[in-house]
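structural data only, the sequence is not supplied:
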């Protein structure tokens with residue numbers, strides 16, 4: 001049985017009977033991937049946990065209107081991204097959705113102790129980090145990213161290009177300064 005078919009059965013059972021076991025199975029199937037994504041998109045672990053919790057609350061509320069035009073995982077990812085964006089807005093972060101910052105404005109703090117790949121990604125501006133994570137780590141296409149982030153395909157491609165350049169700059173400067181180590 002395919003993942004999507006199993007998801008549909010679990011959702012139908014959950015909606016028809018408010019079956020807790022069906023919900024638990026959906027939660028166990030999708031939360032690890034969503035949490036990994038949330039950790040990469042958020043700068044703080046507690047924010048990732050809050051976003052996951054809020055995502056599931058919203059998903060349960062809207063599940064009856066889900067039309068299966070995408071996989072359940074993609075739909076849940078969209079909800080998660082919206083929750084994270086709202087967290088950022090509440091903190092008055094700078095224009096997270098249109099983060100087309102010239103990489104020259106990216107400040108590299110060379111005084112920090114050990115910087116690894118995950119830390120370098122975490123230091124990217126939000127828009128860059130989101131597109132890079134969704135495309136290069138989670139494997140979404142630019143078309144899917146444009147839908148998830150509500151940006152144009154061209155913006156997705158542009159932000160990915162700038163994100164990769166900014167990442168290389170952070171990574172190379174970290175190596176020059178002896179601040180980056182390989183592995184955890």
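Arrived safely, thanks for sending. All figures in this text were calculated on a predicted structure; none of them were measured in a lab.

list the buried ones in stretch 63-71?
If you call a residue buried by 16 or more other CB atoms under 10 Å, then stretch 63-71 has these buried ones: 63, 66, 70. Using the backbone N, CA and C atoms, a C-beta is placed for each residue, glycine as well.

what's the answer for stretch 146-155, then?
Of the residues in stretch 146-155, 146-149, 151, 155 count as buried by neighbour count, 16+ other CB under 10 Å.

pLDDT weak spots in the protein?
For the chain, applying pLDDT under 70 flags the ranges 92-116, 174-184.

residue boundaries of the helices in it?
For the chain, applying DSSP state H gives helices covering 3-17, 20-41, 45-62, 72-90, 117-122, 126-132, 142-149, 153-176.

so of these, which one's packed in deepest?
Between those, helix 126-132 has the highest mean count of neighbours, a mean of 24, where neighbours are mean count of other CB atoms under 10 Å.

that helix packs against which elements?
Applying 3 or more CB pairs under 8 Å, 6 or more residues apart in numbering; DSSP states H and E, we find helix 126-132 packed against helix 20-41, helix 117-122, helix 142-149, helix 153-176.

dump these to TSV, plus distance to residue 128.
What follows is the helices and strands packed on helix 126-132, written out as TSV (distance: least, CB to CB, whole Å):
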stretch	distance to residue 128
helix 20-41	11
helix 117-122	9
helix 142-149	12
helix 153-176	4
